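1. here is a sequence together with a model predicted from it:
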Amino acid sequence: MPLITTKAMFKKAHEGQFAIGAFNVNNMEIVQGITSAAAELQSPVILQCSAGARKYANHQYLVHLVRAALEVNDIPIALHLDHGPDFATCKSCIDGGFTSVMFDGSHYPFEENIEKTKEVVEYAHAHGVMVEAELGQLAGVEDDVSVDADKAHYTKPEEVVEFVSKTGCDSLAIAIGTSHGAFKFTPEQCTRNPETGVLEPPELRFDILAEIEKQIPGFPIVLHGASSVIPKYVKIINEHGGKLKDAVGIPEDQLRKAAKSAVCKINIDSDLRLAMTAGIREHFDQFPEHFDPRQYLTPARNYIKELVAHKIKNVLGSEGSAAAIMAIA
Ligand SMILES: [Zn+2]
């Protein structure tokens, strides 16, 4: 099956009250770990590349790695640009085989965001590619995107109708309290769960999400910065020489709740980084004499697969929906 756009994915996700996982890919082991989990669970998946990933791995390598995954696994896959900073980057991905792009104009004033997003939408739609846009700003750091906590702001529900209708975008990333990176909140912003000892952040603003849903019923909503910073992997990293103090993510029960609403796409990057690092650190601690990359990248890839399977089953709810999406794609 060729790469598909996100259109059929979002339609089925909305009808079935689940979300599609959008996982960031940077190299072969990450692509393999994600897609082998998705294939076993017959789940659709969005593989996304940031500008930083294209800088690191080169556009051609990423596109061909994803195409290879499609030859090996019979599941629906969309290839998406994460946080396209400008028209030129979006255009080069559209011309270079991506089926979906995000244009992130969230840091521009409202009217300018509309103008710039619209330009990308016109070019993308003429080439059969979908566009994700963003309103509101998340705090945190991820690759080239960095926003201070005092500059971050929630999406204003009263702006979404005008934004979506004027830009013609296909999905909308919103800010309701998620955040980029593995250190999403300071310990002072959190409360410590007395049973697990895990720091928990303030609840996502489901009231804003509900208000947005009321304004644009059925329109696909996207959550960025939605890693859970799974304590298991942070613990493995710290037990084997790492120093990740007070890393905090979004609790998975909140993400599960969001996936059942208008949220059709949930972005996961930090959790992949943590799983991969946990596998490598644990391996080197146990086998300091090893120096064959296959020895330490195998457990890293296994942890990625385990993580993605967990997300598909327990957070996204997309297990078993591959056939229905392929039928209408
Ligand atoms: Zn993001």
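-> Happy to help now that I have it.
2. residue most distant from the centroid, this structure?
-> Glu289 (35.7 Å; Cα atoms, centre = their mean).
3. hang on, that residue is in a strand, isn't it?
-> No: assigned with DSSP: H, G, I helix; E, B strand; the rest coil, Glu289 falls outside any strand and is coil.
4. for it, give its distance to Met276.
-> Shown here: Glu289 relative to Met276, a distance of 21 Å by Cβ to Cβ, to the nearest Å. Just so you know, the C-beta spots here come from the backbone N, C-alpha and C atoms, and that holds for glycine as well.
5. tell me the contacts of Gly128?
-> Each residue near Gly128 by Cβ atoms under 8 Å, 6 or more residues apart in numbering is listed here: 5, 99.
6. surely Ile4 forms part of a helix?
-> No: under three-state DSSP, Ile4 sits outside any helix and is assigned coil.
7. now it. Nearest residue, chain neighbours left out?
-> Leaving aside its chain neighbours, Ile4 sits nearest to Ala329 (4.2 Å; criterion: Cβ to Cβ, 6 or more residues apart in numbering).
8. per-residue confidence for the one you found?
-> Note for Ala329: predicted pLDDT of 92.
9. looking at it, it is touching Leu3, isn't it?
-> No: between Ala329 and Leu3 there is no contact under Cβ atoms under 8 Å: 9.8 Å.
10. below-threshold pLDDT in the stretch 201-329 of the chain: ranges please.
-> Within the stretch 201-329 of the chain, no range satisfies pLDDT under 70.
11. show me where it has its strands.
-> Assigned by DSSP state E, counting those that start in this stretch, the strands in the stretch 201-329 of the chain fall at 221-223, 263-268.
12. output the longest helix belonging to this structure.
-> helix 293-311 (DSSP state H).
13. may I have that helix as PDB, with CA atoms only?
-> C-alpha atoms of helix 293-311 as PDB (Å, rounded to 0.1, in the frame of the first residue of the first chain):
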ATOM      1  CA  PRO A 293      26.000  -1.000  17.400                       C
ATOM      2  CA  ARG A 294      23.600  -3.900  16.700                       C
ATOM      3  CA  GLN A 295      24.100  -5.100  20.300                       C
ATOM      4  CA  TYR A 296      22.900  -1.900  21.900                       C
ATOM      5  CA  LEU A 297      20.500  -0.700  19.200                       C
ATOM      6  CA  THR A 298      18.500  -4.000  19.400                       C
ATOM      7  CA  PRO A 299      17.300  -3.400  23.000                       C
ATOM      8  CA  ALA A 300      16.800   0.300  22.100                       C
ATOM      9  CA  ARG A 301      14.500  -0.700  19.200                       C
ATOM     10  CA  ASN A 302      12.700  -3.300  21.400                       C
ATOM     11  CA  TYR A 303      11.900  -0.600  24.000                       C
ATOM     12  CA  ILE A 304      10.500   1.600  21.200                       C
ATOM     13  CA  LYS A 305       8.300  -1.200  20.000                       C
ATOM     14  CA  GLU A 306       7.100  -1.900  23.600                       C
ATOM     15  CA  LEU A 307       6.400   1.800  24.200                       C
ATOM     16  CA  VAL A 308       4.400   2.200  20.900                       C
ATOM     17  CA  ALA A 309       2.400  -0.900  21.500                       C
ATOM     18  CA  HIS A 310       1.500   0.400  25.000                       C
ATOM     19  CA  LYS A 311       0.400   3.800  23.500                       C
END
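14. which non-adjacent residue is nearest Gln42?
-> Ala322 (4.3 Å).
15. who's in contact with that neighbour?
-> The neighbourhood of Ala322, defined by Cβ under 8 Å, 6+ apart, consists of 38, 42-44, 74-76.
16. quick one on the thing from earlier: reformat the strands of the stretch 201-329 of the chain as CSV; add mean neighbour count and distance to Thr99.
-> Output for the strands of the stretch 201-329 of the chain, formatted as CSV (neighbours: other Cβ atoms under 10 Å; distance: least, Cβ to Cβ, whole Å):
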stretch, mean neighbour count, distance to Thr99
strand 221-223, 26, 15
strand 263-268, 27, 13
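17. can those go into a markdown table with extra columns for distance to Glu213?
-> Listed next are the strands of the stretch 201-329 of the chain as a markdown table, based on distance: least, Cβ to Cβ, whole Å:
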| stretch | distance to Glu213 |
| --- | --- |
| strand 221-223 | 7 |
| strand 263-268 | 9 |
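18. out of those, nearest to Gln17?
-> Evaluated over those, closeness to Gln17 peaks at strand 263-268, with 9.9 Å, by Cβ to Cβ.
19. which strands and helices sit next to the closest one?
-> helix 7-16, strand 20-24, strand 221-223, helix 252-259 (3 or more Cβ pairs under 8 Å, 6 or more residues apart in numbering; DSSP states H and E).
20. quick check: buried residues in stretch 71-78?
-> Neighbour counts using 16 or more other Cβ atoms under 10 Å place 73, 75-78 of stretch 71-78 among the buried residues.
21. what sits against the residue nearest to Glu158 when sequence neighbours are not counted?
-> The spatially closest residue to Glu158, leaving aside those adjacent along the chain, is Gln215, at 7.7 Å (Cβ to Cβ, 6+ apart). By Cβ under 8 Å, 6+ apart, the contact set of Gln215 is 157-158, 160-161.
22. before we move on, back to that, got the buried residues of stretch 71-78 as TSV, with secondary structure columns?
-> Below are the buried residues of stretch 71-78 laid out as TSV (three-state DSSP):
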residue	secondary structure
Asn73	coil
Ile75	coil
Pro76	coil
Ile77	strand
Ala78	strand
